[in-house]
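Enquirer: What would the 3D arrangement of this be:
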Amino acid sequence: MQHIDAGAELDPVHPVPLPAPARATGLTTAEVAERVARGQVNDVPVRSSRSFGEIVRANVFTRFNAIIGVLWLIMLVVAPIQDSLFGFVILANTGIGIVQEWRAKKTLDSLAVIGESRPTVRRDGAAVEVSTSEIVLGDLIEIGPGDKIVVDGVCAEADGLEIDESLLTGEADPVVKHPGDQVMSGSFVVAGGGAFAAAKVGREAYAAQLAEEASRFTLVHSELRSGISTILKYVTWMMVPAAIGLVATQLVVKNNGLKDAVARTVGGIVPMVPEGLVLLTSVAFAIGVIRLGRQQCLVQELPAIEGLARIDTVCLDKTGTLTEGGMDITELRALDGVDETYVRKVLGSLGESDPRPNASLQAIIDAYPDSEDWRCVESLPFSSARKYSGATFSEGDGELSTWLLGAPDVLLGADDPALAETVRLNEQGLRVLLLARAGRDLDDPGVAQGAEATALVVLEQRLRPDAADTLRYFADQDVRAKVISGDNAVSVGAVAAKLGLTGTTVDARRLPAERDRMAEALDSGTVFGRVTPQQKRDMVGALQSRGHTVAMTGDGVNDVLALKDADIGVSMGSGSEATRAVAQIVLLNNSFATLPSVVAEGRRVIGNITRVATLFLVKTVYSVLLAVLVVCWRVEYPFLPRHLTLLSTLTIGIPAFFLALAPNRERAQPHFVRRVMRYSIPGGVVAGVATFVTYLIARHYYTGAGSLDAETSAATLTLFLVSLWVLAIIARPYTWWRVALVAAMGVAFVFVLAVPALQSFFALKLVGVAMPWTAVGLAVVGSAVLELMWKWVERRYPV
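Expert: All right, here's what the predicted structure looks like:
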């Protein structure tokens, strides 16, 4: 191998190091310390979550908190403390949000440490593992298949080194690297091995900022979050004119003094703000992270919880997902009378020739010891694209021989008799490798042509014990599973059949390249074998072109491109470094059975936030409508802030907290905004109209001193009962605890009405018999209309 000095200084213009004495031992301890002192260290803060300051800012400094905060300060000046309760509720909500997100941050950070890659660097002549942040300028970093290039550098050693730069450049074919070639952070090794000298570290590295951004805790790329942002935009448009009209009207029609008019104006504006909606969404996501973290599931991008719940197709890589990583050799079958002892020597030497063996080669290494008198002259690392590896040996007598080990259907001609035996073994779910003697040099592109079949190596794959149950879960949820593997199609189909997965088995080499035709083939097939890494990526794109939401699972370097392009990428914790880097979800316990938990968590978040959003927006709609009606009739606003604080707490705040965090296995539905608005608008209109009618009747019924308080109490009763019925509808389908929740809120309101101290505190006192019962009657009529309207809306405007 050729080497360059790992400590050589780089020309600022040219990526190739300036000439320096060769040194393969890497930096010395003193050189590392010197570079650290100079700040030449890879100090990019790879964060899996927001800092505490960012969490506080995100929860405190919001548009609606600013509105509520100003109104709260006004109320503290002009009204009793009970009219300022809404401010304390906001403080409590904000505190809860900060605490839950901080817990989620701690969970993510601890899991990120477990899943963090630790590159191998050469220092003082010895290979040591260090964290990515401990790499210094000039470090000699060793790399092999599946390793991610963590900093920019220059290739110093290369042994069949092939690097995939498609994530950076879009170039599909791997690039063969030689000493002196530039390597870029963000690319990854697909074959061979070697080492490179770090040339740019920290924020100077090509992909450093991209990597930092991609690993950051985020809530923005999801239908839920974008939908809520859209809703809040609509709410703001409604609030501003309604609030201006309310302020003008109340200051003109005030009958009880300026302070009371201001208090009632604030009482009309405050409930328009759906202040708890964003908070509960954040809390629901954060608690989802904590729950999944307990199952050793690292969520690298938070919306992946939601995204996995929306998938309708999951593409599974067989090796490492349906099967465990290890394999066992069950049979060695020599062909054409070749001496089996000689074959064992060849296999032992092939195993020794690869410093980073894959699972198949590791099984060969375990079964056949290296032959000490054979020496490897040249090697060709395994590549998922070509499906074989090879080596040239100098045998004990000095004779040179070249051998290939790989897929029989790639190395053999279609009419070779050994293929028929291979098919029979594949049908049993066994994996078969062919050992063939090549007549050409390894560096010849046609080295496989005319290779002489020597032996079949039969391997048994270990099925994951939880794979069958997981596949059954996806089938029950109408999520279609597609097995996509680089192995022989017949063998993969047999493994899938053992796990209960039925369907057509397809050899991917016969798939059409045109996207539409490929999508048709993917719709009809279930198991696909002999798939190249680029084909995996194309298959994901073809499925997405048909409107499918696709999740991809995998653990090998050949899965990286497909994982990156899939809607949701899921990697095993034992997978390659590059695979873990691009996946949104990493199963650190390597258990495929964790996926149903992630789906269930996503469904809980989506289903419950849809319910909660409807509750909050019903309040916003009836608040805006009441403000408009008050302006049109030129009457005093019927409520003080304390009344709506009580109603919001009992019909929205407390129930929403329980509903947002409750179990929910309803299938995720699209069109979040449409689903929420089609229920909240009729609900809010009915509640607002019923309440205002009660208020107008009460204004004619009550006269004299204290009449406004009596009118307010009657209107509050109607609004509470209709809001309670909205809650009862939202809580369906009923379970014992949901019924108990609704009943408890009703009992709490009765308790407020029955206890004199609470009556006085909330300024609620029902006067007489006729008007309170009229309020109840109007609430019953409103609830019945609401029930009919919601059923009509469901039929008339289906999602």
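Enquirer: only C-alpha atoms for contact and neighbour calcs from this point on.
Expert: Noted.
Enquirer: pLDDT below threshold where in this protein?
Expert: By pLDDT under 70, the weakly predicted segments of the chain are 1-23, 44-50, 111-116, 167-172, 205-221, 253-257, 301-302, 325, 797-799.
Enquirer: for whichever strand or helix holds I244, packing partners?
Expert: For I244, the host element (DSSP states H and E) is helix 223-253. Packed against helix 223-253 by the contact rule (3 or more CA pairs under 8 Å, 6 or more residues apart in numbering; DSSP states H and E) you find helix 258-269, helix 595-633, helix 672-701.
Enquirer: mind listing what's buried in it?
Expert: Along helix 223-253, these residues count as buried under the neighbour rule (16 or more other CA atoms under 10 Å): 223-225, 227-228, 231-232, 235, 238-239, 242-243, 245-247, 249-251.
Enquirer: cool, stretch 455-474 as well?
Expert: Buried-residue list, stretch 455-474, by 16+ other CA under 10 Å: 455-464, 467-468, 470-472, 474.
Enquirer: what does stretch 629-639 give?
Expert: So stretch 629-639, judged by 16+ other CA under 10 Å, has buried residues L629, V630, V631, R634, V635, E636, Y637, P638, F639.
Enquirer: First-to-last residue distance for that stretch?
Expert: 13 Å (CA to CA, to the nearest Å).
Enquirer: Comparing the helices and strands packed on helix 223-253, which comes out most buried?
Expert: Neighbour counts (mean count of other CA atoms under 10 Å) averaged over each of the helices and strands packed on helix 223-253 peak at helix 595-633, with a mean of 24.
Enquirer: OK, contacts around the residue positioned nearest the centre of the chain?
Expert: With the centre of the chain defined as its mean C-alpha position, the nearest residue by CA atoms, centre = their mean is A304, 1.8 Å away. Applying CA atoms under 8 Å, 6 or more residues apart in numbering, one finds that A304 lies in contact with I568, Q584, I585.
Enquirer: what's the burial count for the last one?
Expert: Other residues within reach of I585 by the criterion other CA atoms under 10 Å amount to 26.
Enquirer: how much space between it and S185?
Expert: Distance from I585 to S185, by CA to CA: 21 Å.
Enquirer: And the first one, by the same measure?
Expert: Note on I568: its distance to S185, by CA to CA, is 23 Å.
Enquirer: same deal with the second one?
Expert: Going from Q584 to S185 by CA to CA gives 19 Å.
Enquirer: picking up where we left off before, quick one: the helix holding I244 to helix 258-269, angle?
Expert: Taking axes from the mean of the first three to the mean of the last three CA atoms, to 10 degrees, one finds helix 223-253 and helix 258-269 inclined to each other by 150 degrees.
Enquirer: Off-centre distance for helix 223-253?
Expert: Helix 223-253 has its average C-alpha position 33 Å from the chain's average C-alpha position, going by CA atoms, centre = their mean, to the nearest Å.
Enquirer: tell me the angle of it relative to helix 595-633?
Expert: Our comparison of helix 223-253 with helix 595-633, counting by the same axes, to 10 degrees, yields an angle of 20 degrees.
Enquirer: what inclination does helix 223-253 have with respect to helix 672-701?
Expert: Our comparison of helix 223-253 with helix 672-701, counting by the same axes, to 10 degrees, yields an angle of 20 degrees.
Enquirer: who touches S524 in this structure?
Expert: Contacts of S524 were listed using CA under 8 Å, 6+ apart, and they are T504.
Enquirer: closest to T330 out of the helices and strands packed on helix 223-253?
Expert: Among these, the nearest to T330 by CA to CA is helix 595-633 (31.6 Å).
Enquirer: ok, how many other residues are close to L646?
Expert: In terms of burial, L646 registers 19 neighbours under the definition other CA under 10 Å.
Enquirer: tell me the secondary structure for it?
Expert: The assignment at L646 comes out as helix when based on DSSP: H, G, I helix; E, B strand; the rest coil.
Enquirer: how much space between it and A748?
Expert: 10 Å.
Enquirer: Just send the helices and strands packed on helix 223-253 back as CSV, with distance to V99 too.
Expert: Converted to CSV, the helices and strands packed on helix 223-253 look like this (distance: least, CA to CA, whole Å):
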stretch, distance to V99
helix 258-269, 28
helix 595-633, 18
helix 672-701, 27
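Enquirer: out of those, which comes closest to R203?
Expert: Set against R203 and scored by CA to CA, the helices and strands packed on helix 223-253 come closest in helix 595-633, at 33.5 Å.
Enquirer: distance of E223 from V635?
Expert: If you go by CA to CA, the gap between E223 and V635 works out to 41 Å.
Enquirer: My error: substitute D339 in the last question.
Expert: Spatial separation of D339 from V635 under the definition CA to CA is 104 Å.
Enquirer: before we move on, what about G683?
Expert: In terms of CA to CA, G683 sits 24 Å off from V635.
Enquirer: In contact with the spatially closest residue to T25 that is not a sequence neighbour, which residues?
Expert: With sequence-adjacent residues excluded and distances taken as CA to CA, 6 or more residues apart in numbering, T25 is closest to G125, at 3.9 Å. Contacts for G125 (CA under 8 Å, 6+ apart) come out as A24, T25, G26.
Enquirer: I'd like those written out as JSON lines, with neighbour count, distance to A668 and secondary structure added.
Expert: Below are these laid out as JSON lines (neighbours: other CA atoms under 10 Å; distance: CA to CA, whole Å; DSSP: H, G, I helix; E, B strand; the rest coil):
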{"residue": "A24", "neighbour count": "20", "distance to A668": "56", "secondary structure": "coil"}
{"residue": "T25", "neighbour count": "16", "distance to A668": "56", "secondary structure": "coil"}
{"residue": "G26", "neighbour count": "24", "distance to A668": "53", "secondary structure": "coil"}
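Enquirer: Identify, from those residues, the entry nearest to D507.
Expert: A24 (45.0 Å).
Enquirer: G192 versus the closest one, what's the distance?
Expert: Taking CA to CA as the measure, A24 and G192 are separated by 18 Å.
Enquirer: With P641 instead?
Expert: The spacing between P641 and G192, counted by CA to CA, is 70 Å.
Enquirer: Likewise for R480?
Expert: In terms of CA to CA, R480 sits 36 Å off from G192.
Enquirer: Likewise for Q362?
Expert: Distance, Q362 to G192, by CA to CA: 16 Å.
Enquirer: now swap in V175 and tell me
Expert: Applying CA to CA, one obtains 12 Å for the distance of V175 from G192.
Enquirer: what do those two both touch?
Expert: Each of E162 lies in contact with both V175 and G192 under the rule CA under 8 Å, 6+ apart.
Enquirer: so R440 sits in a strand?
Expert: No: the assignment for R440 (three-state DSSP) gives coil, which keeps it out of a strand.
Enquirer: Please work out how many residues are found near it.
Expert: Number of residues near R440 (other CA under 10 Å) recorded here: 17.
Enquirer: contacting residues for it?
Expert: By CA under 8 Å, 6+ apart, the residues touching R440 are T402, G446, V447, A448.
Enquirer: again, only this time at 6 Å
Expert: R440 makes contacts with V447, as judged by CA atoms under 6 Å, 6 or more residues apart in numbering.
Enquirer: List phi and psi for it.
Expert: Here the main-chain torsion angles of R440 (degrees, to the nearest 10) amount to phi -120, psi 170.
Enquirer: And for A728?
Expert: Recorded main-chain torsions at A728 are phi -60, psi -40, according to degrees, to the nearest 10.
Enquirer: For A748, see how far away it is.
Expert: The gap separating A728 from A748 is 15 Å, by CA to CA.
Enquirer: The two - which one has more neighbours?
Expert: Per other CA under 10 Å, whichever of A728 and A748 has more neighbours is A728, with 18 against 12.
Enquirer: Just give the closest residue to the more buried one, not the sequence neighbours.
Expert: Nearest in space to A728, with sequence neighbours left out and distances taken as CA to CA, 6+ apart, is V742 at 6.3 Å.
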